[in-house]
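> test case, fold it:
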Amino acid sequence: MIFRTESSIPGLIPVLAVIFFLSLFSSPASANNQPDKSKVPILSTTHKRQKSVNTASSDKKKQVASTPKKSLNQKPDAPKKSANKTTATTSALAKKITARSAIILDGETGKPLFSQAATQPRQPASTIKVLTGLIAIEELENNEMIPASQRAAQMPRSKIYLAADKYYRANDLINAVLLASANDASVAIAEKLAGSESAFAHKMTRKARELGAQDTVCKTASGLTAKGQQTTARDLAVIFNNAMKNKEFSRRIQRTSVDASIDQGTIRNHNKALWQIHGAQGGKTGFTNAALQTYVGKFKRGDDEIVVALLGSTTMWSDVKKLVEHGFALKNNEQKSAGNKPSNTNAMNRNNQPTGSSLKIAKL
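Numbering: from 1, shown residues only. The predicted structure follows:
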């Protein structure tokens, strides 16, 4: 068979063209150029935030790791050493005093600076007369006349030897209670204000509560030993600190002696701290066989004020001196730690003698 190429070529041209165009649209290469969405990672907003957080955390760790450790000799460690020293000194003081209960209060803030069995209830002895004297100052006029009953006149010492059925000025009896710790004057005042000593003792207990002393229970106006009567070193300090805010009370109790219209003529203060301890502002002593020696008083040196109270002591004045010195030492340490200049206690001591005192200040 003979083919005629001249005639067949023109017919093939359209067919070839169709095939060429079809090959373009169905080319595998064209299909492979489309991205496979199933294999492309999708970055959600959550993923971005997580990455950011991880980066920040990593940076923070690097920063902490690069921060140098504190040296053991750096200054911030100094307060700890001071605190340890203060604790050791306080512990040593507790062994040096004979008082079974004691406390030192900051006179301005009421904060305890030292405490040893300070909430343990004990017999108060005559320190409780702080309440007797304070109530009398608040409720009696100085010139008011008060009779001394047979019972009042028969009270044991300390006393100013009131005569039964005789009248005395309230001013003299109040001074006798606060300075000379007179039991007979205490009972005479109690009977005048409440009708009986037991009724007056209830007034004393209520007054103690008003002043913030929650563990004090009074049974007598004098502090003589009585079943159920009690106070604590803390309560005594709180009572006295608040009583000293009464100007008349403060004025009376800081006197070393005062003239009176009684047989003795002069009432003398039993509080030796007024002329033996620097900065004494006033205080009250006490003693019974059951209570042993008791004391509460306030002291001021420069701008610093402290209140000291103790119960059950056998070396009261030695204990008081040690507590006072320790209290002011603690105050000075506090000021140094706070970066403040300690008070000039020496200058204040020379000028802080109570009115009427002609005795030298004892060196401790």
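> do you have the strands of the chain handy? List them.
Using DSSP state E, the strands of the chain run over residues 101-106, 112-116, 145-147, 167-169, 257-259, 266-268, 280-288, 292-301, 304-313.
> could you dump those into TSV and include mean pLDDT?
Listed next are those as TSV, based on pLDDT from 0 to 100:
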stretch	mean pLDDT
strand 101-106	98
strand 112-116	97
strand 145-147	98
strand 167-169	97
strand 257-259	96
strand 266-268	95
strand 280-288	98
strand 292-301	98
strand 304-313	98
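> what's the closest of these to residue 202?
With Cβ to Cβ as the criterion, residue 202 lies closest to strand 145-147 of those, at 19.6 Å. The C-beta positions use only the backbone N, C-alpha and C, and glycine is treated the same way.
> for stretch 275-295, list the C-alpha coordinates in CSV.
C-alpha atoms of stretch 275-295 as CSV (Å, rounded to 0.1, in the frame of the first residue of the first chain):
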residue,chain,number,x,y,z
TRP,A,275,17.0,58.5,144.1
GLN,A,276,18.9,55.4,143.2
ILE,A,277,18.0,54.7,139.5
HIS,A,278,18.5,57.2,136.6
GLY,A,279,15.4,58.5,135.0
ALA,A,280,12.9,57.2,137.6
GLN,A,281,9.5,58.8,137.1
GLY,A,282,7.5,57.1,139.8
GLY,A,283,6.7,53.6,141.1
LYS,A,284,5.1,51.4,143.7
THR,A,285,6.7,48.8,145.9
GLY,A,286,5.1,45.9,147.7
PHE,A,287,5.8,42.9,150.0
THR,A,288,4.0,40.1,151.8
ASN,A,289,5.2,36.7,152.8
ALA,A,290,3.1,35.1,150.1
ALA,A,291,3.9,37.6,147.3
LEU,A,292,7.5,38.2,148.3
GLN,A,293,8.9,41.6,146.9
THR,A,294,6.9,43.2,144.1
TYR,A,295,7.4,46.4,142.1
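> quick one: low-confidence parts of this structure?
Applying pLDDT under 70 to the chain flags residues 1-89, 341-364.
> run a quick neighbour tally on residue 91.
Per other Cβ atoms under 10 Å, the neighbour tally for residue 91 reads 10.
> for the residue lying closest to residue 102 once chain neighbours are set aside, give me its contacts.
Of all residues beyond its chain neighbours, the one nearest residue 102 is residue 310 (4.3 Å), with distances taken as Cβ to Cβ, 6 or more residues apart in numbering. Neighbour list for residue 310: 97, 99, 101-103, 233, 293-296, 316, 319-320, 323 [criterion: Cβ atoms under 8 Å, 6 or more residues apart in numbering].
> reformat these as CSV; add distance to residue 303.
Below are these laid out as CSV (distance: Cβ to Cβ, whole Å):
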residue, distance to residue 303
97, 26
99, 27
101, 28
102, 24
103, 21
233, 25
293, 30
294, 29
295, 24
296, 22
316, 28
319, 25
320, 22
323, 20
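> just the buried ones from the residues you listed?
Buried members of those, counted by 16 or more other Cβ atoms under 10 Å: 97, 99, 101-103, 233, 293-296, 316, 319-320, 323.
> isn't residue 177 up against residue 186?
Yes: using Cβ atoms under 8 Å, residue 177 is in contact with residue 186, at 5.2 Å.
> tell me, what's touching these two both at once?
Common contacts of residue 177 and residue 186 (Cβ under 8 Å, 6+ apart): 129, 132.
> which of these two has more neighbours?
residue 177 (33 against 30).
> can you pull the contacts of that one?
Residues in contact with residue 177 (Cβ under 8 Å, 6+ apart) are 129, 132, 133, 136, 185, 186, 189.
> in a markdown table, list those along with distance to residue 229.
Converted to a markdown table, these look like this (distance: Cβ to Cβ, whole Å):
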| residue | distance to residue 229 |
| --- | --- |
| 129 | 13 |
| 132 | 13 |
| 133 | 17 |
| 136 | 19 |
| 185 | 19 |
| 186 | 14 |
| 189 | 18 |
